[in-house]
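> Could you look at this predicted model? Sequence included:
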Amino acid sequence: MKPTINLESEAAQSGATAQITNALLDILAIGHTQIDRADHVDGDEFFANLGELDRQQKIR
């Protein structure tokens with residue numbers, strides 16, 4: 001069995017982790033802004049609507 005070579009350096013992995021972390025923080029900030037503006041749908045309402053759409057399309 002041939003040994004595998006990891007071409008991605010520790011610095012590149014750290015950079016990728018930082019990008020993911022920043023993206024998640026951006027998503028949280030967007031969500032916070034939507035909540036502040038009351039520009040969101042309640043989770044129960046969202047899933048009720050999703051369930052209704054599924055029933056209409058006979059997905060579930």
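Good, I have the coordinates. Computed from a prediction, not measured in an experiment: that's the story for all the values here.

> Just after the longest helix along the chain, pick out the following helix or strand.
Taking DSSP state H as the assignment, the helix of the chain that covers the most residues is helix 10-36. Later in the chain than helix 10-36, the nearest helix or strand by DSSP states H and E is helix 43-56.

> and that following helix, how far out from the chain's middle?
The chain centroid and the centroid of helix 43-56 are separated by 20 Å under C-alpha atoms, centre = their mean, to the nearest Å.

> For that helix, give the mean pLDDT please.
Mean pLDDT, helix 43-56: 92.

> could you dump it to CSV, C-alpha only?
Coordinates of the C-alpha atoms in helix 43-56 are reproduced here as CSV (Å, rounded to 0.1, in the frame of the first residue of the first chain):
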residue,chain,number,x,y,z
GLY,A,43,-39.9,28.2,12.6
ASP,A,44,-43.2,26.5,13.4
GLU,A,45,-44.9,28.5,10.6
PHE,A,46,-42.1,27.7,8.2
PHE,A,47,-42.3,23.9,8.8
ALA,A,48,-46.1,23.9,8.7
ASN,A,49,-45.9,25.6,5.3
LEU,A,50,-43.2,23.2,4.1
GLY,A,51,-45.4,20.2,5.3
GLU,A,52,-48.3,21.6,3.4
LEU,A,53,-46.3,22.0,0.2
ASP,A,54,-45.0,18.4,0.6
ARG,A,55,-48.6,17.2,1.0
GLN,A,56,-49.7,19.1,-2.1
